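*Asks:* attaching a predicted model along with its sequence, questions to come.
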Amino acid sequence: MSTGKSGRPRQPKLKAEITGAAAKDPGRYKDRKPSKKVRPVGQPYKSMSEAECKAWADFVETLPWLNSSHRKVLRLTCKLESDLYSRDEPPVAMYNAYATRLGQLGATPTDEGRINLTEEDAEAPADRFFTTH
């Protein structure tokens, strides 16, 4: 039975705060609680190639809302990126799959325009742990 709501997936609260969506429509996110079980995205899988690990590090640095629930799609995205750059003429379907995975991670140009990071959010993630105060 349909609830009348759009089939669009719900955006995590942290991402909504970073992109400014929560400020634009605070009522939509006021009762949304972040999961208490969320862990950092962590290190790349041991089976990943060097190129895939570099892509992983780049995504983790540029997309601060990624967490452990993104690991599988992030792995696939890194694999696709590595494969795209290692081929002379990748098939169009590979580009489409890559673009889809970027969208699932919130890394598309559309999402980029909505990101509203504070200075604290914009610092390198490791700086929060290794800076002495």
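*Replies:* It's in.
*Asks:* so which residue is dead centre in this structure?
*Replies:* Centroid check for the chain by CA atoms, centre = their mean gives Leu105 as the closest residue, at 3.6 Å.
*Asks:* just checking, it touches Val60?
*Replies:* No. Using CB atoms under 8 Å, Leu105 is not in contact with Val60, being 10.5 Å away. (C-beta placed from N, C-alpha, C; glycine too.)
*Asks:* mutual contacts of those two, please.
*Replies:* Leu66 (CB atoms under 8 Å, 6 or more residues apart in numbering).
*Asks:* pLDDT weak spots in the chain?
*Replies:* 1-10, 32-37, 111-133 (pLDDT under 70).
*Asks:* now the strands for it?
*Replies:* With DSSP state E, there are no strands along the chain.
*Asks:* off-centre distance for stretch 87-95?
*Replies:* Distance, stretch centre to chain centre, for stretch 87-95: 23 Å (CA atoms, centre = their mean, to the nearest Å).
*Asks:* what about it, start to end distance?
*Replies:* 12 Å (CA to CA, to the nearest Å).
*Asks:* go ahead and confirm Tyr29 touches Lys15.
*Replies:* No. Applying CB under 8 Å as the test, Tyr29 and Lys15 come out as separate, 10.2 Å apart.
*Asks:* identify the contacts common to these two.
*Replies:* Joint contacts of Tyr29 and Lys15 (CB under 8 Å, 6+ apart) are Ala21.
*Asks:* nearest spatial neighbour of Gln11, skipping sequence neighbours?
*Replies:* Ala21 (6.2 Å; CB to CB, 6 or more residues apart in numbering).
*Asks:* pretty sure the one you found contacts Leu14?
*Replies:* No. Using CB under 8 Å, Ala21 is not in contact with Leu14; the gap is 10.8 Å.
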